[in-house]
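# got a predicted model here, sequence first, then my questions.
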Amino acid sequence: MNELPTIVPYDPDEAPSGKRRGRIADGWNLAVIVISLLAVLPVGALLWKATGDTSGIWQHLLQNVLPQSAGVTAILLVGVGISVFLTGSITAWLVNRYDFPLRGFVRWGLVLPLAIPTYLAAYTYTEFLDFTGPVQTLVRAAGGFQSARDYWFPDIRSTTGAILLLGVVLFPYVYLPASLSFGMQGRSMIDVARVLGAGPFKLFWRVAVPAARPAITVGVMLAMMETLNDIGAVEHLGVRTLTFSVFDTWLNRSSLAGAAQISLMLLLVVALLVHVERRMRRERAFSDSRHKPEMEAPIKLRGIRAYVASAICLAPIIFGFVIPAGQMIAFVQA
């Protein structure tokens, strides 16, 4: 009597294609592990260097350096955060909500300041606003002044100057996600707000901004982390931040361990910013990607309102791109 053949269950991993897929998956896993290790290595190096001998430098840092640097850094972060929030969200709302002269140009032109590095913007603006620069030369000519003692002129080499300068360069971090979020807000939400009596300002501040808060928060946090990471602009402007203290402790005080410890403090600040951003974004997504909302055509502005909207959107482009780029061209031609 013939025996029945043994039926072996099909195993997809035994098939050539299954083995190939398994090898590809293993390769991707290995690549992810290697990339993760490369990302963690600098933090590991900081931890290792931070265990070195500080030779009592922390007493000097705590008494003379860190309190002032931490305070200046906090003021700078808050100031830049407010600046980029206002500039980025207002310009994004105007571009998406209204139709005015040069709207097509400013829609993409508001991204141009990202092409200017912060340290180049700081250098060009100090020359542009210096005593021998074109602005003060024009002021002296118009007022008949002979020397700097004859008139008052704001000093860009200050914390306020750094806030304004970094704000006009970094605001596209907010403009881009805010513009995308405002563009996805449907007509129904705006109509409901209108029925409830919301005017143009309340519609922006009480409806559109809260709905776009996840996107705006991401942009503000990116700008703040870029500010925290900056060294060239703040050093040129004479603003002593924690990042500047890292270089000062390392190079001028020859304490690599102390610099590494301050760097770990900065990492904690970055981790705190990321945590705050995630907490603010949690369950705050108001748009539903499964249903494309009905969009409302931009409102046509006329008269003085149209020119005011154009001026508001052109000002960040002029201060964040045109002036620094023009000053650099003047340097090349000089």
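Here it is on my side, so go on.

# this structure - how does it break down into domains?
1-51, 57-333 (automatic domain parsing).

# would CSV of the ones you listed with mean pLDDT and mean neighbour count be doable?
C-beta: built from backbone N, CA, C; applies to glycine. As requested, these are exported to CSV (pLDDT from 0 to 100; neighbours: other Cβ atoms under 10 Å):
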stretch, mean pLDDT, mean neighbour count
domain 1-51, 70, 10
domain 57-333, 88, 17
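
# for the stretch 151-300 of the chain, which segments are assigned as strands?
Assigned by DSSP state E, counting those that start in this stretch, the stretch 151-300 of the chain shows strands spanning 299-300.

# before we move on, what about the stretch 1-150 of the chain?
Under DSSP E, counting those that start in this stretch, the stretch 1-150 of the chain gives strands at 98-99.

# wait, doesn't Asn229 sit right on Phe244?
No - no contact is recorded between Asn229 and Phe244 when judged using Cβ atoms under 8 Å, the distance being 11.6 Å.

# for the closest residue to Pro298 other than its chain neighbours, give me its contacts.
Distances taken as Cβ to Cβ, 6 or more residues apart in numbering put Asp99 closest to Pro298, at 4.1 Å, once the chain neighbours are dropped. Shown in contact with Asp99 (Cβ atoms under 8 Å, 6 or more residues apart in numbering): Pro298, Ile299, Lys300, Leu301.

# other SSEs contacting the longest helix that the chain contains?
In the chain, assigned by DSSP state H, the helix with the most residues is helix 16-50. Under the contact definition 3 or more Cβ pairs under 8 Å, 6 or more residues apart in numbering; DSSP states H and E, helix 16-50 sits against helix 256-281.

# run the angle between the helix it packs on and helix 16-50 for me.
Helix 256-281 and helix 16-50 are oriented at 130 degrees to each other (axes from the mean of the first three to the mean of the last three Cα atoms, to 10 degrees).

# what is the distance between helix 256-281 and the centre of its chain?
16 Å (Cα atoms, centre = their mean, to the nearest Å).

# who does the residue nearest to Pro298 bridge with?
Beta-bridge partners recorded for Asp99 (DSSP bridges): Lys300.

# how far away is it from Lys300?
Distance of Asp99 to Lys300, given as Cβ to Cβ, to the nearest Å: 5 Å.

# then Asp53?
Distance, Asp53 to Lys300, by Cβ to Cβ: 69 Å.

# can you give me the end-to-end distance of stretch 189-200?
14 Å (Cα to Cα, to the nearest Å).

# equivalent analysis for stretch 228-242, please.
8 Å.

# mind checking how far the residue nearest the centre of the chain is from Ala306?
Note on the chain: the residue nearest the mean C-alpha position is Ala223, at 1.9 Å, using Cα atoms, centre = their mean. Going from Ala223 to Ala306 by Cβ to Cβ gives 29 Å.

# again, but for Gly183
Going from Gly183 to Ala306 by Cβ to Cβ gives 21 Å.

# which parts of the stretch 51-200 of the chain are helices?
With helices called from DSSP state H, counting those that start in this stretch, the stretch 51-200 of the chain shows them at 57-60, 66-97, 103-109, 118-128, 134-143, 159-170, 172-184, 187-195, 200-202.

# so which elements touch the first one?
Same thing as helix 57-60. Judged by 3+ Cβ pairs under 8 Å, 6+ apart, the packing partners of helix 57-60 are helix 256-281.

# same for the helix it packs on, what does it pack against?
Contacting helix 256-281 under the criterion 3+ Cβ pairs under 8 Å, 6+ apart are the following elements: helix 16-50, helix 57-60, helix 213-229, helix 242-247.

# the same query, at a cut-off of 10 Å, please.
helix 16-50, helix 57-60, helix 66-97, helix 213-229, helix 242-247 (3 or more Cβ pairs under 10 Å, 6 or more residues apart in numbering; DSSP states H and E).

# out of those, which gets nearest to Ile317?
Closest to Ile317 of these is helix 66-97 (Cβ to Cβ; 9.3 Å).
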